[in-house]
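Visitor: Next comes the sequence, and after it the predicted model I'd like to discuss.
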Amino acid sequence: MKTYTRSTSHLQGDPLVRGLGWASALLGASQVVAPAGFARALGVDATSRHRSATAAVGVRELVVATGLLGRPHPAWLWGRVGGDLMDLMMLTRALKNHNGRGFGRTVAATATVTAVTATDVYAAMTRTHRSTPMELTATTTVTPPPDEVHALWSDLKRLPDFMAHVDEVLVTGPRTSHWRASAPFGKAVEWDAETTQDVPGELIAWRSVEGSDVDNSGEVRFEPAPGGQGTEIRVTLRYDVPGGALGKAAARYFGEEPHQQLDDDLRRFKQIAETGEVIRSEGAPGGKRARGEFPQHPARPLPTAS
């Protein structure tokens, strides 16, 4: 694992870090000073158990606020993430065992904490200069021969057609290109890449250049399928996950599973190679306009508009 440390003084002036610090301070103070009122605001009874839990959460928030406002460090941001997940667990339990009074307030509180959690995860990941190397592999078989499949994959401008998180690829030279992609939690990343190997009908390999938002490399091999029945595609991707192991776990928690993404990308490439387009299902016809659709459902032809 590669680790990089961002200076405390740099985070000291970070507006998002300071904003989260003040949010923890205000939230923690209200929970400690008036735990009963805060519990009722969440739509739960102000029993002794609920008051104690609310006060304990308030103390936790004040400790995090002290860290973020006094000596900011990514560890305090991850502390907020951990606290958020605990809060969501408690609110989920409250919803399950709710007596009905104030149920709407508990639902609203759960939705608010979910949104705050996403913000905290984004802040923690983008301000933690730590990365975990990851390698992904996937395989699929398509009916066209290797030369045709290689030519299709070599058309870089078409890659966003089947790569869900790739927004645009611009060819900048004979062996260079510029990529723009969507990352977890609404973040956009860009990088320049160079093709390191290109053997027609056999192999394409690439790597990002120095200074890229995400260090990555990979290769795709095209091999004749057994019995001459099409092409077997073997893809290997290597890249660094921002935020280290915690960032990787957080991304998976919010539905950004890299292995599933690669499998879905290859499934869509297979459709393009064999039919010329990605087949959308009735449940998800919007393509990239609705990223949440992936992984795709089994496709059925869309009804003809009258």
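Guide: Now that the structure is in, tell me what you want to look at.
Visitor: going forward, measure contacts and count neighbours with C-alpha atoms only.
Guide: Fine.
Visitor: Show the residue spans covered by the strands in the stretch 151-300 of the chain.
Guide: 166-171, 176-182, 188-199, 203-208, 216-224, 231-242 (DSSP state E, counting those that start in this stretch).
Visitor: Between these, which one is closest to Glu61.
Guide: Closest to Glu61 of the strands of the stretch 151-300 of the chain is strand 231-242 (CA to CA; 25.3 Å).
Visitor: angle of that closest one against strand 203-208?
Guide: Between strand 231-242 and strand 203-208, the angle comes out at 10 degrees (axes from the mean of the first three to the mean of the last three CA atoms, to 10 degrees).
Visitor: What strands line up against strand 231-242, and which way round?
Guide: When pairing is defined by DSSP bridges, strand 231-242 lines up against strand 130-142 (antiparallel), strand 216-224 (antiparallel).
Visitor: rank the ones you listed by pLDDT, which is bottom?
Guide: Ranked by mean pLDDT, the strands paired with strand 231-242 bottom out at strand 130-142, with a mean of 82.
Visitor: could I get that one in CSV with only the CA atoms?
Guide: Output of strand 130-142 as CSV, limited to C-alpha atoms (Å, rounded to 0.1, in the frame of the first residue of the first chain):
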residue,chain,number,x,y,z
ARG,A,130,-3.7,7.0,0.5
SER,A,131,-4.4,4.4,-2.2
THR,A,132,-4.8,0.7,-2.4
PRO,A,133,-3.6,-1.1,-5.6
MET,A,134,-6.3,-3.2,-7.1
GLU,A,135,-6.3,-5.6,-10.0
LEU,A,136,-9.5,-6.7,-11.8
THR,A,137,-9.9,-9.5,-14.4
ALA,A,138,-12.9,-10.5,-16.5
THR,A,139,-13.5,-12.7,-19.5
THR,A,140,-16.3,-12.9,-22.1
THR,A,141,-16.8,-14.6,-25.5
VAL,A,142,-18.2,-12.9,-28.5
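Visitor: rewinding a little: Serialize the strands of the stretch 151-300 of the chain to a markdown table and add fields for mean neighbour count and distance to Leu42.
Guide: Converted to a markdown table, the strands of the stretch 151-300 of the chain look like this (neighbours: other CA atoms under 10 Å; distance: least, CA to CA, whole Å):
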| stretch | mean neighbour count | distance to Leu42 |
| --- | --- | --- |
| strand 166-171 | 17 | 40 |
| strand 176-182 | 17 | 34 |
| strand 188-199 | 17 | 34 |
| strand 203-208 | 20 | 48 |
| strand 216-224 | 20 | 44 |
| strand 231-242 | 20 | 34 |
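Visitor: Could you export those strands to JSON lines, including columns for distance to Arg80?
Guide: Below are the strands of the stretch 151-300 of the chain laid out as JSON lines (distance: least, CA to CA, whole Å):
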{"stretch": "strand 166-171", "distance to Arg80": "30"}
{"stretch": "strand 176-182", "distance to Arg80": "24"}
{"stretch": "strand 188-199", "distance to Arg80": "23"}
{"stretch": "strand 203-208", "distance to Arg80": "33"}
{"stretch": "strand 216-224", "distance to Arg80": "29"}
{"stretch": "strand 231-242", "distance to Arg80": "18"}
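Visitor: Thanks a lot, see you next time.
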